[in-house]
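Participant: Below is the sequence, then the predicted model.
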Amino acid sequence: MTEQRSSYRQIFKATSLFGGVQVISIVIGIIRVKFVAVLLGTTGVGIMSLLDAPLHLIISITGLGIAFSAVRYISEANADQDRNKTAEVIITLKRWSWFVGLLGAVITISLAPLLSEWSFGNREYTWAFVWLSVTILLKALSEGQKAILQGTRRLKDMAKAGVIGSGLGLFTSIPLYYFFGLKGIVPALIITAATALFLSWYFSRKVPVEKIDLPLKKTYTIGLGMAKLGISMTIAGFIASLSTYILNAFISNIGDVDQVGLYNAGWGVVGQYTGLVFTAMATDYFPRLSAIQSDNNKVKELVGQQAETALLIMTPLLALLIVTMPLVVRILYTPEFLPIVMFASLTVLGMQFKAISWAMGYVYLAKGDGRLFLTLEIISGVAILLLNLGFYYFFGLNGLGISFIISYFLASIFSYLVLRNKYGFSYSKLFYLVAVICYGLVLTSFLTVFISDPTLKIIAGIVVLLIAGAYSLYKLDKLMDFRSYISERFKK
């Protein structure tokens, strides 16, 4: 029982740490997005999305998954307290980061005219993509530095870099948008990438690394091993980025650039508020899962704990977001963005399925089963894209919200069946009860949106929110003695 309580506390601690970062980032993001919405409008938001999507696509291809796979290599070497091995991996990571970054930049410059044509239907943005090629290199180097921090478990430094980076990004981008309008988008993106690199370097340089002589041949050999593990992530990232790019382009052609802006704005509202759970999974949960991946019973236990904690944390947050959605949209953007309210609210209903799906999805990577992971990503990627295109074509933005719910509900079932057949995985009966109650509370909160009387709607929404919060606190207290945990944290 003590070991289980400790595990739940570790999950909650990591989530709350990066949740705090997320809250600060949200506040900063509210200010930044508000300025973007006012100064650039839906057109500006759409242009930023159409510039960003193909760059993510290129990064996902040329990055080779090095930064992700390096986390596992560094974690293993660090856990064994093998300083020479840790140094070899870190030096290899740094050298390969330069290689994949330069490769991505060259490819971006070469394809700049075509990227402009594909994204905007003309070549007016060719030079924008040429200039933005430098962000490919900057992001590759930055991701490498972050992998060092994550692999050595310096989560607080990662959190500090995120908070400071958000603040500096705000103060550098707003003046550019104010004085240069749409022409300030490219410089703002470059400066933001440069700031992130500087901060990741500043904190990662504190990691002690043995001074060793590592031949280029060995760098190639170690890096190739990391790339083999990361190649599955590379292809999966490519599929995700390609799907995003195709969907944005489809919306732009069927609708217009303003529709692209509305879609990304709606997704951004929900993504920001739920990002704390998924960020914690990527930074703390994956290394912990990798350490016990050979024991299927321990894996089953940790996956269940992670999914259950995620649901309990998300439930009151999602209920709050649904109740305050119109107000949030007005604060974040302008009244012209109000058409995203229903789309964003529908997306909220799929977030709990996404949390469950993600908790199971990391098992394949922790076990190094790249082939199975890749197969599932291809199947799910194609299915999700087809659902998105079809539902948008027939139902518009709200259709994308419905598609999101269906996609991750099916993904959760599919992942569970595969894990059960492959590794004997299963959830406890208690988990299913928690999952049903949590989803029922969020669904009830969503249904209050359709109450016609404004006063009654607000009262009903608040009542459901209070019930959701009380239930989550009650369950967390039973699982991890939440009250004593909070008391201990305040004493520290």
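Facilitator: Cool, the structure landed.

Participant: in the stretch 351-492 of the chain, which spans are helices?
Facilitator: For the stretch 351-492 of the chain, the helices defined by DSSP state H, counting those that start in this stretch cover 370-423, 429-447, 454-480, 482-491.

Participant: lowest-confidence stretch among those helices?
Facilitator: Confidence, taken as mean pLDDT, is least for helix 482-491 of those (a mean of 62).

Participant: which non-adjacent residue is nearest residue 199?
Facilitator: Spatially, and ignoring its direct neighbours in sequence, residue 199 is nearest to residue 161 (4.3 Å; C-beta to C-beta, 6 or more residues apart in numbering). All C-beta atoms are positioned from the backbone trio N, CA, C, and that covers glycine.

Participant: who's in contact with that neighbour?
Facilitator: Residues in contact with residue 161 (C-beta atoms under 8 Å, 6 or more residues apart in numbering) are 146, 149, 196, 199-200, 202-203.

Participant: which of the residues in the helix or strand harbouring it are buried?
Facilitator: Per DSSP states H and E: residue 161 is located in helix 155-180. Using 16 or more other C-beta atoms under 10 Å as the test for burial, helix 155-180 gives 155, 157-166, 168-170, 172-174, 176-177.

Participant: Over to stretch 91-106?
Facilitator: So for stretch 91-106, counting by 16+ other C-beta under 10 Å, buried means 91-97, 99-105.

Participant: Repeat that for stretch 401-409.
Facilitator: Of the residues in stretch 401-409, 401-405, 407-409 count as buried by neighbour count, 16+ other C-beta under 10 Å.

Participant: Columns secondary structure on top of the buried residues of stretch 91-106, output as JSON lines?
Facilitator: Formatted as JSON lines, the buried residues of stretch 91-106 follow (DSSP: H, G, I helix; E, B strand; the rest coil):
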{"residue": "91", "secondary structure": "helix"}
{"residue": "92", "secondary structure": "helix"}
{"residue": "93", "secondary structure": "helix"}
{"residue": "94", "secondary structure": "helix"}
{"residue": "95", "secondary structure": "helix"}
{"residue": "96", "secondary structure": "helix"}
{"residue": "97", "secondary structure": "helix"}
{"residue": "99", "secondary structure": "helix"}
{"residue": "100", "secondary structure": "helix"}
{"residue": "101", "secondary structure": "helix"}
{"residue": "102", "secondary structure": "helix"}
{"residue": "103", "secondary structure": "helix"}
{"residue": "104", "secondary structure": "helix"}
{"residue": "105", "secondary structure": "helix"}
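
Participant: hmm, which two among those are most spread apart?
Facilitator: Largest separation among the buried residues of stretch 91-106 by C-beta to C-beta: 91 and 105, giving 21.9 Å.

Participant: Now do the SS call for residue 81.
Facilitator: With three-state DSSP as the criterion, residue 81 reads coil.

Participant: tell me the pLDDT at it?
Facilitator: pLDDT for residue 81: 71.

Participant: Relative to residue 267, how far out is residue 242?
Facilitator: Per C-beta to C-beta, to the nearest Å, residue 242 is found 17 Å from residue 267.

Participant: I misspoke; the intended subject was residue 191.
Facilitator: Residue 191 is 24 Å from residue 267, by C-beta to C-beta.

Participant: didn't residue 101 look like it was pressed against residue 142?
Facilitator: No. Between residue 101 and residue 142 there is no contact under C-beta atoms under 8 Å: 9.2 Å.

Participant: by contact count, what packs against the helix or strand hosting residue 138?
Facilitator: Using DSSP H and E, residue 138 falls within helix 126-151. If contacts are counted by 3 or more C-beta pairs under 8 Å, 6 or more residues apart in numbering; DSSP states H and E, helix 126-151 sits against helix 2-62, helix 66-79, helix 83-120, helix 155-180, helix 185-204.

Participant: Relative to residue 218, which of these is closest?
Facilitator: Nearest of those to residue 218, taken as C-beta to C-beta: helix 83-120 at 7.3 Å.

Participant: what's near enough to touch residue 237?
Facilitator: Contacts here follow C-beta under 8 Å, 6+ apart; on that basis residue 237 touches 59-61, 63, 65.

Participant: How many residues are close by residue 416?
Facilitator: If you count neighbours by other C-beta atoms under 10 Å, residue 416 ends up with 16.

Participant: Help me confirm that it comes into contact with residue 360.
Facilitator: Yes. With contacts counted by C-beta under 8 Å, residue 416 reaches residue 360, the gap being 6.4 Å.

Participant: So for these two, which residues contact both of them?
Facilitator: residue 425.

Participant: Kindly give the local confidence score, pLDDT, for the nearest residue to residue 238 once chain neighbours are set aside.
Facilitator: With sequence-adjacent residues excluded and distances taken as C-beta to C-beta, 6+ apart, residue 238 is closest to residue 60, at 4.7 Å. At residue 60, the predicted lDDT confidence score is 76.

Participant: Distance check, residue 60 against residue 392.
Facilitator: 23 Å.

Participant: And for residue 169?
Facilitator: Residue 169 sits 30 Å away from residue 392, going by C-beta to C-beta.

Participant: Check residue 316 too.
Facilitator: Using C-beta to C-beta, residue 316 is found at 30 Å from residue 392.

Participant: again with residue 289
Facilitator: For residue 289, the distance to residue 392 equals 35 Å [C-beta to C-beta].

Participant: ok, now residue 255?
Facilitator: Residue 255 is 8 Å from residue 392, by C-beta to C-beta.

Participant: Ok, residue 453 next?
Facilitator: In this view, residue 453 and residue 392 are 32 Å apart by C-beta to C-beta.

Participant: Please work out which residues outside stretch 390-400 touch it.
Facilitator: With C-beta under 8 Å, 6+ apart as the test, stretch 390-400 has contacts from 247, 250-251, 254-255, 259, 262-263, 266, 339-340, 342-343, 346-347, 388, 402-403.

Participant: Make a ChimeraX selection of the buried ones in those residues.
Facilitator: Of those, the buried ones can be selected in ChimeraX as follows, counting by 16+ other C-beta under 10 Å:
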select :247,250,251,259,262,263,266,339,340,343,346,347,388,402,403
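
Participant: Point out the ones among the contacts of stretch 390-400 that are inside helices.
Facilitator: With DSSP state H as the criterion, helices contain 247, 250-251, 254, 259, 262-263, 266, 342-343, 346-347, 388, 402-403 from among these.

Participant: Cool, thanks, talk later.
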